[in-house]
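A.B. asks: quick one: sequence plus predicted model below, questions after.
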Amino acid sequence: MLALICVVTVVVVLLAVLVAGLLRSHADILHALHDLGAGVGDPTGGSVHDHATHDHAAQPVPVPLHMGPPLPGERNASSAPDLVGVSPEGDAVAIGVTGVDRLTLLAFLSSGCATCAEFWASLQDPVSSGFPPDLRVVAVTKGPEFEIPSEVARRAGGRIAVVMSTESWGDYEVPGSPFFVLIDGRAGRRIGEGVANRADQIADLVRRAWDEERPPGQSGSTSRAAAVGLDGKEREARNDQELQSVGILPGDPSLYPERHEDLFATTSSPSPTNGSGPASPRDQTGTKGR
Amino acid sequence: MTTLSAHGISANLPSGFEGRIFQRSAVGGEVARPVAHFATFPLPADVADFGAGAVNLMAPQDIFSVLFEYGPESLGTALFARNGMPRQLTGQDFSTITLRRGIPSQSGTQWFFTESGRPFTLYVVLGNHAQRASLVPRVNALLGNVDVAQVGSAVP
(Lines give C-alpha, C1' and ligand atoms only; values in the text may rest on other atoms or scores of the structure.)
Protein backbone atom coordinates (compact mmCIF):
# COMPACT_ATOMS: atom_id res chain seq x y z
CA MET A 1 0.00 0.00 0.00
CA LEU A 2 2.81 2.37 0.92
CA ALA A 3 4.58 1.53 -2.32
CA LEU A 4 1.47 2.33 -4.32
CA ILE A 5 1.12 5.71 -2.62
CA CYS A 6 4.74 6.52 -3.40
CA VAL A 7 4.33 5.61 -7.08
CA VAL A 8 1.19 7.73 -7.41
CA THR A 9 2.91 10.63 -5.72
CA VAL A 10 5.87 10.44 -8.09
CA VAL A 11 3.54 10.31 -11.12
CA VAL A 12 1.58 13.31 -9.90
CA VAL A 13 4.78 15.28 -9.38
CA LEU A 14 6.04 14.41 -12.84
CA LEU A 15 2.75 15.42 -14.43
CA ALA A 16 2.81 18.68 -12.51
CA VAL A 17 6.29 19.43 -13.83
CA LEU A 18 5.17 18.59 -17.37
CA VAL A 19 2.12 20.86 -17.18
CA ALA A 20 4.23 23.66 -15.75
CA GLY A 21 6.66 23.30 -18.64
CA LEU A 22 3.88 23.43 -21.20
CA LEU A 23 2.41 26.52 -19.62
CA ARG A 24 5.82 28.18 -19.64
CA SER A 25 6.31 27.32 -23.30
CA HIS A 26 2.88 28.67 -24.15
CA ALA A 27 3.63 31.86 -22.30
CA ASP A 28 6.89 32.29 -24.24
CA ILE A 29 5.04 31.88 -27.54
CA LEU A 30 2.41 34.43 -26.57
CA HIS A 31 5.14 36.77 -25.46
CA ALA A 32 6.96 36.45 -28.77
CA LEU A 33 3.75 37.02 -30.75
CA HIS A 34 2.98 40.05 -28.67
CA ASP A 35 6.41 41.48 -29.44
CA LEU A 36 5.72 40.99 -33.14
CA GLY A 37 2.48 42.88 -32.90
CA ALA A 38 0.25 39.88 -33.44
CA GLY A 39 -2.60 38.92 -31.21
CA VAL A 40 -6.23 39.45 -30.50
CA GLY A 41 -7.38 43.01 -31.02
CA ASP A 42 -5.21 45.93 -31.98
CA PRO A 43 -1.68 45.22 -30.88
CA THR A 44 -0.97 48.92 -30.82
CA GLY A 45 -3.74 49.45 -28.36
CA GLY A 46 -1.99 47.91 -25.37
CA SER A 47 -2.10 49.75 -22.08
CA VAL A 48 0.76 51.78 -20.78
CA HIS A 49 1.14 49.20 -18.10
CA ASP A 50 1.72 46.50 -20.65
CA HIS A 51 4.57 48.34 -22.29
CA ALA A 52 5.98 49.45 -19.01
CA THR A 53 6.44 45.89 -17.94
CA HIS A 54 8.90 45.21 -20.76
CA ASP A 55 12.40 46.54 -20.92
CA HIS A 56 12.28 46.79 -24.70
CA ALA A 57 8.92 48.48 -25.08
CA ALA A 58 7.52 46.32 -27.85
CA GLN A 59 6.57 48.25 -30.94
CA PRO A 60 4.44 46.63 -33.63
CA VAL A 61 6.63 45.15 -36.31
CA PRO A 62 5.21 44.70 -39.78
CA VAL A 63 5.18 41.01 -40.53
CA PRO A 64 5.25 40.26 -44.27
CA LEU A 65 2.91 37.47 -45.20
CA HIS A 66 3.85 35.38 -48.20
CA MET A 67 1.68 32.74 -49.78
CA GLY A 68 3.40 30.79 -52.50
CA PRO A 69 6.45 31.90 -54.46
CA PRO A 70 7.33 35.59 -54.67
CA LEU A 71 5.52 37.38 -57.49
CA PRO A 72 7.33 38.93 -60.42
CA GLY A 73 7.68 42.64 -59.97
CA GLU A 74 5.20 43.72 -62.66
CA ARG A 75 2.70 40.95 -62.05
CA ASN A 76 -0.88 41.79 -61.29
CA ALA A 77 -4.15 40.03 -61.84
CA SER A 78 -4.46 41.00 -65.48
CA SER A 79 -0.91 41.50 -66.70
CA ALA A 80 -0.04 39.80 -69.97
CA PRO A 81 3.72 39.65 -70.53
CA ASP A 82 4.99 38.80 -73.98
CA LEU A 83 6.43 35.34 -74.51
CA VAL A 84 10.13 34.84 -74.99
CA GLY A 85 11.75 31.46 -75.35
CA VAL A 86 12.80 28.97 -77.96
CA SER A 87 10.97 26.83 -80.46
CA PRO A 88 11.28 23.04 -80.36
CA GLU A 89 13.74 23.44 -83.23
CA GLY A 90 15.93 25.69 -81.12
CA ASP A 91 15.05 29.03 -82.71
CA ALA A 92 14.90 32.06 -80.47
CA VAL A 93 11.26 33.12 -80.45
CA ALA A 94 9.36 36.11 -79.11
CA ILE A 95 5.60 36.44 -79.45
CA GLY A 96 3.83 39.66 -78.63
CA VAL A 97 0.41 39.17 -77.10
CA THR A 98 -0.34 42.82 -76.35
CA GLY A 99 -0.40 45.78 -78.67
CA VAL A 100 -2.10 43.62 -81.28
CA ASP A 101 -5.69 43.64 -82.45
CA ARG A 102 -6.60 40.06 -81.66
CA LEU A 103 -7.32 37.59 -78.92
CA THR A 104 -4.59 35.13 -78.03
CA LEU A 105 -5.12 31.87 -76.20
CA LEU A 106 -2.08 30.62 -74.35
CA ALA A 107 -2.21 26.90 -73.73
CA PHE A 108 0.32 25.93 -71.09
CA LEU A 109 0.94 22.30 -71.88
CA SER A 110 3.55 19.68 -71.35
CA SER A 111 4.51 16.77 -73.55
CA GLY A 112 4.13 14.22 -70.79
CA CYS A 113 0.81 14.97 -69.13
CA ALA A 114 -2.01 12.67 -70.16
CA THR A 115 -4.69 15.37 -69.99
CA CYS A 116 -2.67 17.55 -72.34
CA ALA A 117 -2.78 14.95 -75.10
CA GLU A 118 -6.31 15.92 -76.15
CA PHE A 119 -5.38 19.58 -76.31
CA TRP A 120 -2.29 18.94 -78.40
CA ALA A 121 -4.56 17.15 -80.86
CA SER A 122 -7.51 19.55 -80.84
CA LEU A 123 -5.36 22.65 -81.15
CA GLN A 124 -3.93 21.38 -84.43
CA ASP A 125 -7.05 22.78 -86.06
CA PRO A 126 -8.63 25.23 -83.62
CA VAL A 127 -11.57 26.21 -85.84
CA SER A 128 -12.64 22.61 -86.29
CA SER A 129 -12.42 22.22 -82.53
CA GLY A 130 -14.91 25.03 -82.03
CA PHE A 131 -12.57 27.96 -81.45
CA PRO A 132 -13.36 31.26 -83.14
CA PRO A 133 -11.54 32.06 -86.34
CA ASP A 134 -8.80 34.68 -86.07
CA LEU A 135 -8.06 33.51 -82.54
CA ARG A 136 -4.36 32.98 -82.13
CA VAL A 137 -3.41 29.88 -80.21
CA VAL A 138 0.06 29.51 -78.75
CA ALA A 139 1.21 26.45 -76.84
CA VAL A 140 3.66 27.26 -74.09
CA THR A 141 5.75 24.51 -72.58
CA LYS A 142 8.52 24.74 -70.07
CA GLY A 143 11.98 25.27 -71.45
CA PRO A 144 14.33 22.63 -72.81
CA GLU A 145 15.75 22.16 -69.34
CA PHE A 146 12.45 20.54 -68.32
CA GLU A 147 11.08 19.29 -71.63
CA ILE A 148 12.34 17.16 -74.51
CA PRO A 149 12.18 19.43 -77.56
CA SER A 150 11.75 16.59 -80.05
CA GLU A 151 8.78 15.29 -78.08
CA VAL A 152 7.23 18.75 -77.98
CA ALA A 153 7.78 19.06 -81.73
CA ARG A 154 6.09 15.72 -82.27
CA ARG A 155 3.10 16.78 -80.20
CA ALA A 156 2.82 20.12 -81.97
CA GLY A 157 2.95 18.47 -85.35
CA GLY A 158 4.26 21.62 -86.99
CA ARG A 159 0.82 23.19 -86.89
CA ILE A 160 0.81 24.80 -83.47
CA ALA A 161 2.90 27.81 -82.57
CA VAL A 162 5.04 26.68 -79.64
CA VAL A 163 7.19 28.66 -77.27
CA MET A 164 9.32 26.74 -74.80
CA SER A 165 9.79 29.11 -71.90
CA THR A 166 10.00 28.31 -68.22
CA GLU A 167 10.12 32.05 -67.61
CA SER A 168 6.65 32.47 -69.11
CA TRP A 169 5.29 29.81 -66.77
CA GLY A 170 6.60 31.94 -63.94
CA ASP A 171 5.29 35.18 -65.42
CA TYR A 172 1.78 33.75 -65.64
CA GLU A 173 2.11 31.80 -62.39
CA VAL A 174 0.97 28.60 -64.01
CA PRO A 175 0.05 26.08 -61.32
CA GLY A 176 0.37 23.08 -63.62
CA SER A 177 -0.58 21.76 -67.00
CA PRO A 178 -2.95 22.07 -68.71
CA PHE A 179 -3.66 25.72 -67.98
CA PHE A 180 -5.14 28.33 -70.27
CA VAL A 181 -4.94 32.11 -70.44
CA LEU A 182 -6.98 34.26 -72.80
CA ILE A 183 -5.53 37.67 -73.64
CA ASP A 184 -7.14 40.65 -75.29
CA GLY A 185 -4.25 42.15 -77.22
CA ARG A 186 -6.03 45.39 -77.87
CA ALA A 187 -6.73 46.01 -74.18
CA GLY A 188 -3.35 44.60 -73.23
CA ARG A 189 -4.66 42.39 -70.47
CA ARG A 190 -5.68 38.85 -69.71
CA ILE A 191 -9.42 38.40 -69.71
CA GLY A 192 -9.64 34.84 -68.53
CA GLU A 193 -7.59 31.96 -67.20
CA GLY A 194 -8.12 28.53 -65.74
CA VAL A 195 -7.99 24.82 -66.25
CA ALA A 196 -10.14 22.43 -68.25
CA ASN A 197 -10.30 18.80 -69.10
CA ARG A 198 -11.73 19.07 -72.58
CA ALA A 199 -11.13 21.36 -75.53
CA ASP A 200 -14.81 22.14 -75.99
CA GLN A 201 -14.91 23.65 -72.51
CA ILE A 202 -12.18 26.07 -73.44
CA ALA A 203 -13.70 26.75 -76.85
CA ASP A 204 -17.02 27.66 -75.27
CA LEU A 205 -15.40 30.08 -72.84
CA VAL A 206 -13.34 31.63 -75.61
CA ARG A 207 -16.37 32.08 -77.85
CA ARG A 208 -18.21 33.87 -75.06
CA ALA A 209 -15.27 36.14 -74.44
CA TRP A 210 -14.96 36.68 -78.16
CA ASP A 211 -18.58 37.79 -78.39
CA GLU A 212 -18.16 40.18 -75.49
CA GLU A 213 -14.87 41.65 -76.58
CA ARG A 214 -15.57 41.76 -80.28
CA PRO A 215 -19.13 42.91 -81.02
CA PRO A 216 -20.20 42.50 -84.64
CA GLY A 217 -18.65 45.00 -86.97
CA GLN A 218 -15.80 45.97 -84.69
CA SER A 219 -13.12 43.57 -85.66
CA GLY A 220 -11.69 42.59 -88.96
CA SER A 221 -13.72 40.61 -91.37
CA THR A 222 -15.03 38.11 -88.91
CA SER A 223 -18.74 38.31 -88.27
CA ARG A 224 -20.41 37.37 -85.06
CA ALA A 225 -22.26 34.60 -86.85
CA ALA A 226 -19.01 33.13 -88.02
CA ALA A 227 -17.56 33.51 -84.55
CA VAL A 228 -20.28 31.34 -83.10
CA GLY A 229 -19.90 28.82 -85.84
CA LEU A 230 -22.80 29.90 -88.03
CA ASP A 231 -22.30 30.50 -91.70
CA GLY A 232 -23.86 29.77 -95.04
CA LYS A 233 -27.22 28.01 -94.99
CA GLU A 234 -27.19 27.59 -91.24
CA ARG A 235 -26.78 31.32 -90.74
CA GLU A 236 -29.48 32.07 -93.32
CA ALA A 237 -31.91 29.68 -91.64
CA ARG A 238 -31.29 31.28 -88.27
CA ASN A 239 -31.93 34.74 -89.68
CA ASP A 240 -35.17 33.55 -91.27
CA GLN A 241 -36.27 32.02 -88.01
CA GLU A 242 -35.61 35.21 -86.06
CA LEU A 243 -37.46 37.35 -88.58
CA GLN A 244 -40.45 35.03 -88.69
CA SER A 245 -40.64 35.02 -84.91
CA VAL A 246 -41.37 38.76 -84.99
CA GLY A 247 -43.84 38.49 -87.85
CA ILE A 248 -41.61 39.44 -90.74
CA LEU A 249 -42.30 36.99 -93.52
CA PRO A 250 -40.87 36.66 -97.01
CA GLY A 251 -41.93 39.60 -99.11
CA ASP A 252 -42.51 41.88 -96.15
CA PRO A 253 -42.08 45.47 -97.40
CA SER A 254 -39.94 46.31 -94.39
CA LEU A 255 -37.25 44.15 -95.92
CA TYR A 256 -37.03 46.49 -98.85
CA PRO A 257 -36.87 50.04 -97.50
CA GLU A 258 -37.21 52.77 -100.06
CA ARG A 259 -36.80 55.73 -97.75
CA HIS A 260 -34.59 56.52 -94.85
CA GLU A 261 -37.62 56.68 -92.56
CA ASP A 262 -38.50 53.11 -93.42
CA LEU A 263 -35.38 51.89 -91.67
CA PHE A 264 -36.39 53.45 -88.38
CA ALA A 265 -40.16 52.83 -88.29
CA THR A 266 -41.35 52.33 -84.73
CA THR A 267 -43.74 49.56 -85.67
CA SER A 268 -43.10 46.38 -87.52
CA SER A 269 -46.32 46.69 -89.48
CA PRO A 270 -45.86 48.14 -92.90
CA SER A 271 -46.68 51.79 -93.29
CA PRO A 272 -49.63 52.71 -95.47
CA THR A 273 -47.29 54.11 -98.01
CA ASN A 274 -45.23 50.98 -98.15
CA GLY A 275 -48.21 48.69 -97.95
CA SER A 276 -50.12 50.29 -100.74
CA GLY A 277 -47.27 51.27 -102.90
CA PRO A 278 -45.81 49.32 -105.72
CA ALA A 279 -43.90 46.26 -104.77
CA SER A 280 -40.20 46.40 -104.97
CA PRO A 281 -38.86 44.75 -108.08
CA ARG A 282 -37.05 42.40 -105.73
CA ASP A 283 -40.40 41.11 -104.52
CA GLN A 284 -41.08 39.80 -107.96
CA THR A 285 -37.85 38.03 -108.39
CA GLY A 286 -38.62 35.31 -105.93
CA THR A 287 -35.84 36.44 -103.63
CA LYS A 288 -36.05 34.62 -100.39
CA GLY A 289 -37.42 37.01 -97.81
CA ARG A 290 -34.90 37.75 -95.12
CA MET B 1 10.03 45.84 -74.40
CA THR B 2 10.61 42.19 -75.08
CA THR B 3 14.21 41.27 -75.80
CA LEU B 4 14.95 38.58 -78.34
CA SER B 5 18.54 37.48 -78.75
CA ALA B 6 20.43 34.72 -80.55
CA HIS B 7 23.40 34.24 -82.88
CA GLY B 8 24.78 37.65 -82.01
CA ILE B 9 21.61 39.45 -83.03
CA SER B 10 19.44 41.06 -80.39
CA ALA B 11 16.30 43.13 -80.63
CA ASN B 12 14.15 44.96 -78.14
CA LEU B 13 10.85 44.43 -79.84
CA PRO B 14 8.42 47.35 -79.87
CA SER B 15 4.88 46.63 -78.80
CA GLY B 16 2.99 44.57 -81.31
CA PHE B 17 6.06 42.94 -82.84
CA GLU B 18 7.12 39.35 -82.60
CA GLY B 19 10.25 37.72 -83.89
CA ARG B 20 12.31 34.67 -84.52
CA ILE B 21 16.07 34.31 -84.86
CA PHE B 22 17.30 31.05 -86.26
CA GLN B 23 19.91 29.27 -88.29
CA ARG B 24 18.80 26.55 -90.63
CA SER B 25 20.44 23.19 -90.72
CA ALA B 26 23.14 23.12 -93.36
CA VAL B 27 22.32 21.10 -96.44
CA GLY B 28 25.15 19.58 -98.44
CA GLY B 29 28.23 21.75 -98.43
CA GLU B 30 26.52 25.00 -97.65
CA VAL B 31 27.14 26.95 -94.51
CA ALA B 32 23.96 28.13 -92.80
CA ARG B 33 23.88 31.70 -91.54
CA PRO B 34 21.67 33.42 -88.98
CA VAL B 35 18.36 34.85 -90.07
CA ALA B 36 16.05 37.10 -88.07
CA HIS B 37 12.38 37.61 -88.83
CA PHE B 38 10.30 40.37 -87.26
CA ALA B 39 6.60 40.85 -87.89
CA THR B 40 3.47 42.48 -86.57
CA PHE B 41 1.37 39.42 -87.38
CA PRO B 42 1.59 35.77 -86.32
CA LEU B 43 4.54 34.19 -88.05
CA PRO B 44 3.83 30.68 -89.31
CA ALA B 45 6.08 27.91 -88.10
CA ASP B 46 7.81 27.51 -91.43
CA VAL B 47 8.70 30.73 -93.22
CA ALA B 48 11.28 30.92 -95.97
CA ASP B 49 14.29 33.10 -95.36
CA PHE B 50 12.84 36.06 -97.23
CA GLY B 51 9.28 35.68 -96.11
CA ALA B 52 7.63 33.26 -98.49
CA GLY B 53 4.80 31.74 -96.53
CA ALA B 54 4.41 34.87 -94.42
CA VAL B 55 4.01 37.92 -96.67
CA ASN B 56 0.89 36.41 -98.18
CA LEU B 57 -0.68 36.53 -94.70
CA MET B 58 -0.08 40.23 -94.16
CA ALA B 59 -2.92 42.64 -93.54
CA PRO B 60 -2.61 46.20 -94.87
CA GLN B 61 -1.36 47.48 -91.50
CA ASP B 62 1.29 44.80 -91.11
CA ILE B 63 5.08 44.87 -91.32
CA PHE B 64 7.49 42.07 -92.08
CA SER B 65 11.25 42.41 -91.80
CA VAL B 66 14.20 40.12 -92.47
CA LEU B 67 17.79 40.43 -91.34
CA PHE B 68 19.83 37.89 -93.29
CA GLU B 69 23.54 37.33 -92.76
CA TYR B 70 25.93 36.40 -95.54
CA GLY B 71 29.29 34.66 -95.29
CA PRO B 72 32.60 36.38 -94.60
CA GLU B 73 33.54 36.07 -98.27
CA SER B 74 31.11 38.93 -98.88
CA LEU B 75 33.05 41.31 -96.67
CA GLY B 76 34.76 44.09 -98.55
CA THR B 77 32.72 43.64 -101.70
CA ALA B 78 31.02 46.60 -103.29
CA LEU B 79 27.56 45.28 -102.50
CA PHE B 80 28.23 45.40 -98.79
CA ALA B 81 30.18 48.65 -98.80
CA ARG B 82 27.60 50.48 -96.70
CA ASN B 83 28.74 50.63 -93.12
CA GLY B 84 25.96 50.04 -90.63
CA MET B 85 22.34 49.04 -90.83
CA PRO B 86 19.92 51.76 -91.92
CA ARG B 87 17.98 52.93 -88.89
CA GLN B 88 15.82 55.70 -90.31
CA LEU B 89 13.96 54.74 -93.44
CA THR B 90 11.51 56.99 -95.25
CA GLY B 91 8.45 56.28 -97.29
CA GLN B 92 10.46 57.02 -100.42
CA ASP B 93 12.69 54.06 -99.69
CA PHE B 94 9.82 51.68 -100.33
CA SER B 95 8.69 50.58 -103.74
CA THR B 96 6.00 48.25 -104.97
CA ILE B 97 8.51 46.60 -107.29
CA THR B 98 11.08 45.89 -104.59
CA LEU B 99 9.45 42.67 -103.56
CA ARG B 100 10.67 39.14 -103.61
CA ARG B 101 7.15 38.11 -104.32
CA GLY B 102 4.95 40.69 -105.96
CA ILE B 103 1.73 41.05 -104.01
CA PRO B 104 -0.62 43.87 -104.98
CA SER B 105 -0.54 46.92 -102.70
CA GLN B 106 2.52 45.72 -100.80
CA SER B 107 5.86 47.47 -101.06
CA GLY B 108 9.37 46.71 -99.91
CA THR B 109 12.89 47.91 -99.49
CA GLN B 110 16.20 46.08 -99.37
CA TRP B 111 19.59 47.20 -98.13
CA PHE B 112 22.97 45.50 -98.12
CA PHE B 113 25.45 46.58 -95.48
CA THR B 114 28.15 45.52 -93.06
CA GLU B 115 27.53 45.83 -89.34
CA SER B 116 30.02 44.87 -86.65
CA GLY B 117 32.13 43.13 -89.25
CA ARG B 118 29.27 40.97 -90.48
CA PRO B 119 27.64 41.30 -93.92
CA PHE B 120 23.84 41.50 -93.90
CA THR B 121 20.86 42.34 -96.00
CA LEU B 122 17.80 44.03 -94.55
CA TYR B 123 14.51 43.40 -96.29
CA VAL B 124 11.32 45.08 -95.14
CA VAL B 125 7.80 44.64 -96.50
CA LEU B 126 4.84 46.91 -95.83
CA GLY B 127 1.35 45.45 -95.97
CA ASN B 128 0.04 48.40 -97.91
CA HIS B 129 2.17 50.99 -99.66
CA ALA B 130 -0.58 53.57 -99.24
CA GLN B 131 -0.14 53.33 -95.47
CA ARG B 132 3.62 53.85 -95.51
CA ALA B 133 3.30 57.16 -93.66
CA SER B 134 2.09 55.32 -90.57
CA LEU B 135 4.02 52.08 -91.09
CA VAL B 136 7.54 53.41 -91.71
CA PRO B 137 7.82 54.98 -88.23
CA ARG B 138 7.03 51.59 -86.74
CA VAL B 139 9.72 50.03 -88.92
CA ASN B 140 12.20 52.63 -87.67
CA ALA B 141 11.19 51.91 -84.08
CA LEU B 142 12.16 48.31 -84.69
CA LEU B 143 15.40 49.06 -86.54
CA GLY B 144 16.48 51.43 -83.82
CA ASN B 145 16.36 48.59 -81.33
CA VAL B 146 18.26 45.92 -83.26
CA ASP B 147 21.86 45.29 -82.35
CA VAL B 148 24.44 43.10 -84.03
CA ALA B 149 27.40 41.87 -82.06
CA GLN B 150 30.85 41.31 -83.53
CA VAL B 151 31.70 37.84 -84.70
CA GLY B 152 34.02 37.18 -81.80
CA SER B 153 31.31 38.05 -79.30
CA ALA B 154 28.49 36.37 -81.15
CA VAL B 155 26.35 34.07 -79.09
CA PRO B 156 26.53 30.56 -80.57
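C.D. replies: Sure, I can see it.
A.B. asks: mind listing what's buried along the helix or strand bottoming out on mean pLDDT in chain B?
C.D. replies: The weakest-scoring helix or strand in chain B, judged by mean pLDDT, DSSP states H and E, is strand B:2-6 (a mean of 92). Residues B:2, B:4-6 are the ones in strand B:2-6 that count as buried (16 or more other C-beta atoms under 10 Å in any protein chain shown). Yep, even glycine has a C-beta here, placed from its N, CA and C like the rest.
A.B. asks: same check, this time on stretch B:32-52
C.D. replies: Quick answer for stretch B:32-52 (16+ other C-beta under 10 Å): B:33-43, B:45, B:47, B:50-51.
A.B. asks: and which of those is nearest to A:Q241?
C.D. replies: B:P42 (36.2 Å; C-beta to C-beta).
A.B. asks: next up, the contacts around that closest one.
C.D. replies: B:P42 is in contact with A:95, A:136, A:161, B:18, B:57, counting by C-beta atoms under 8 Å, 6 or more residues apart in numbering or on different chains.
A.B. asks: which ones are touching the third one?
C.D. replies: By that I understand A:A161. Contacts of A:A161 (C-beta under 8 Å, 6+ apart): A:95, A:136-139, B:42, B:45.
A.B. asks: B:I103 touches B:V55, doesn't it?
C.D. replies: Yes: with contacts counted by C-beta atoms under 8 Å, B:I103 reaches B:V55, the gap being 6.2 Å.
A.B. asks: of the two, which one has the most company?
C.D. replies: A count of neighbours by other C-beta atoms under 10 Å in any protein chain shown puts B:V55 above the other of B:I103 and B:V55, at 23 against 15.
A.B. asks: returning to that earlier point: most surrounded residue in the contacts of A:A161?
C.D. replies: Counting by other C-beta under 10 Å, top hit in these: A:I95 with 28 neighbours.
A.B. asks: tally up the residues packed near the one residue in the stretch 151-290 of chain A that gets nearest to chain B, please.
C.D. replies: Of all residues in the stretch 151-290 of chain A, A:G158 sits closest to chain B, at 5.6 Å by C-beta to the nearest C-beta. A count of nearby residues for A:G158, using other C-beta under 10 Å, gives 13.
A.B. asks: is it part of a helix or strand, or is it coil?
C.D. replies: coil (DSSP: H, G, I helix; E, B strand; the rest coil).
A.B. asks: all strands of the chain, in order?
C.D. replies: Let's take chain A. Listed in chain order, the strands of chain A (DSSP state E) span residues A:83-86, A:92-95, A:103-108, A:136-141, A:161-164, A:179-184, A:189-194.
A.B. asks: switch to chain B, please.
C.D. replies: Under the criterion DSSP E, strands of chain B are mapped to B:2-6, B:9-13, B:18-23, B:34-39, B:63-69, B:107-115, B:118-126, B:146-148.
A.B. asks: who in the stretch 151-290 of chain A is up against chain B?
C.D. replies: By C-beta under 8 Å from any C-beta of the partner chain, the residues of the stretch 151-290 of chain A that approach chain B are A:158-161.
A.B. asks: doesn't A:V206 make contact with A:A196?
C.D. replies: No: here A:A196 does not reach A:V206: they are 10.6 Å apart, not a contact under C-beta under 8 Å.
A.B. asks: in terms of neighbours, single out the busier of those two.
C.D. replies: A:V206 (23 against 18).
A.B. asks: the more buried one against A:S129, yeah?
C.D. replies: No: under the criterion of C-beta under 8 Å, A:V206 is not in contact with A:S129, lying 10.3 Å apart.
A.B. asks: that older thread, need the strands of chain A in JSON lines with mean pLDDT, can you?
C.D. replies: Below are the strands of chain A laid out as JSON lines (pLDDT from 0 to 100):
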{"stretch": "strand A:83-86", "mean pLDDT": "94"}
{"stretch": "strand A:92-95", "mean pLDDT": "95"}
{"stretch": "strand A:103-108", "mean pLDDT": "93"}
{"stretch": "strand A:136-141", "mean pLDDT": "94"}
{"stretch": "strand A:161-164", "mean pLDDT": "94"}
{"stretch": "strand A:179-184", "mean pLDDT": "91"}
{"stretch": "strand A:189-194", "mean pLDDT": "86"}
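A.B. asks: among these, which comes closest to B:Q131?
C.D. replies: strand A:136-141 (22.2 Å).
A.B. asks: now for the closest one, which elements pack on it?
C.D. replies: Counting by 3 or more C-beta pairs under 8 Å, 6 or more residues apart in numbering or on different chains; DSSP states H and E, the packing neighbours recorded for strand A:136-141 are strand A:83-86, strand A:103-108, strand A:161-164.
A.B. asks: what angle do that strand and strand A:103-108 make?
C.D. replies: 20 degrees (axes from the mean of the first three to the mean of the last three C-alpha atoms, to 10 degrees).
A.B. asks: OK, contacts around A:G188?
C.D. replies: A:80, A:98-99.
A.B. asks: these also near chain B: which ones?
C.D. replies: Within the contacts of A:G188, those near chain B by C-beta under 8 Å from any C-beta are A:98-99.
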